[in-house]
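Enquirer: attaching a predicted model along with its sequence, questions to come.
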Amino acid sequence: MFVLGFLSVSYAQVEDTIESLSPPLTEDSISMKAPEHAPQDWIDYMQDGYYDTVPRMNQIPQVDTATYTKLIERYQDEEFDYDKNSPNRIGLFKKILDRLGRMLNNLFPSREYFQFADVVYKLLAVAALVLFVWIIYRVLFSSKRLLIKDKDDDDASDEVKFVEKNLLEIDLADYIDKAQKEHDFALAIRYLNLLNIQLLAKRELIHWKYTKTHVELIEEIEHEELKRDFTRNVNIYNRVWYGNMPVDQAKYEEFASYFLTFQSKWR
C-alpha cells in the first residue's frame, strides 16, 4: 500500500510540471525561410537550387602551371638568396659569372636545341671576363693603345729580352749609356739592375736563368748584408719600371747612386 501511494504522488507531481510548461510548438510555427526582420541582402543557403550553380570538379577548367613554374625557377638561383646567415652566400666573382652566363644565353641559341654543356658556358664566361679585365688594364692602367702596338715599345722590349737571354756575355755599359743619352731613365734603371744580377752571377753568388724571378734570386743569396742591398735595389727597379714612377734627370742620378754603390761594394 505504501508503494502505491508513493507512485500516485509522484505521478501527480509530473502532471503538474507538464501543465506548467508552455504549449508544444506546432509544425507551422517553425519557419525554414528568412524571417521578416532579416536584412535585404540576407541569403538563404538552404534554398532549393542554390548550389546548382556551383561547378563540379570535372567542370573546373585546368590551369596551365608551366608559366608559374618557369617564373619560380627563375628566382631559385643563389643570387636571390637574401638570407644573411646563409653559409653559401654568393660572391662577387660568382655574380659576374652568372651575369655573363645570362648574356651568353641571350647571344647564343637555346641549349635545348644545341645541347651546349654547362662547362662550355663557364669557359666562355671566364674567357669573356679575362678579356674584359685585359681591356680595362690596357686602356686605363697602361699608357699603351688598345690594339695598335707602339713600334718603339716593341723595339725596346726586344732589346731587353735579348740582353736578358744573353746577360752573362753582354757588356751592359753600352746599353746604359744609350738609355741615358735618350733620356729613357726607366730603361737605364732596368739595365743597372741587370748589371747587379750579372755581377752576382759571375761571382757565382746566384745561378742566373732567364725565367727566374727576383724573389727566387733573393732566396739564393746567403750573405745577409748582400741580400739586403740587392733587395733595396730591386725595390727601386720595381717602383720605376712596373710602378710607372716618373723619373727625371735628378731622380735618376739619385737612384743610380744606389746601384753604383752596390756594384763597387760587391764587385
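Expert: Sure thing, it's come through.

Enquirer: could you tell me how far the closest residue to Leu226 other than its chain neighbours is located from Tyr252?
Expert: With Cβ to Cβ, 6 or more residues apart in numbering as the criterion, Leu226 has its nearest non-adjacent residue at 6.1 Å, and that residue is Trp266. Any C-beta I mention is one placed from the backbone N, CA and C, and that applies to glycine too. Using Cβ to Cβ, to the nearest Å, Trp266 is found at 22 Å from Tyr252.

Enquirer: show me which of these two is the more surrounded one.
Expert: Comparing Trp266 with Tyr252 by other Cβ atoms under 10 Å, the one with more neighbours is Tyr252, at 20 against 16.

Enquirer: dump the residue contacts of the spatially closest residue to the more buried one that is not a sequence neighbour.
Expert: In space, Tyr252 comes closest to Phe185 once its chain neighbours are excluded; the distance is 4.0 Å by Cβ to Cβ, 6+ apart. By Cβ atoms under 8 Å, 6 or more residues apart in numbering, Phe185 lies in contact with 179, 240, 247-249, 251-252.

Enquirer: mind doing that once more with 10 Å?
Expert: By Cβ atoms under 10 Å, 6 or more residues apart in numbering, the residues touching Phe185 are 179, 240, 246-249, 251-253, 255-256.

Enquirer: packing partners of the helix or strand hosting Phe132?
Expert: Assigned by DSSP states H and E, Phe132 falls within helix 118-136. Counting contacts by 3 or more Cβ pairs under 10 Å, 6 or more residues apart in numbering; DSSP states H and E, helix 118-136 is packed against helix 92-107, helix 111-114.

Enquirer: could you check how far the residue nearest to Asn238 when sequence neighbours are not counted is from Leu226?
Expert: Of all residues not flanking Asn238 in the chain, His214 sits nearest, at 7.8 Å (Cβ to Cβ, 6+ apart). His214 sits 14 Å away from Leu226, going by Cβ to Cβ.

Enquirer: what of Asp158?
Expert: To Leu226, Asp158 is 32 Å away according to Cβ to Cβ.
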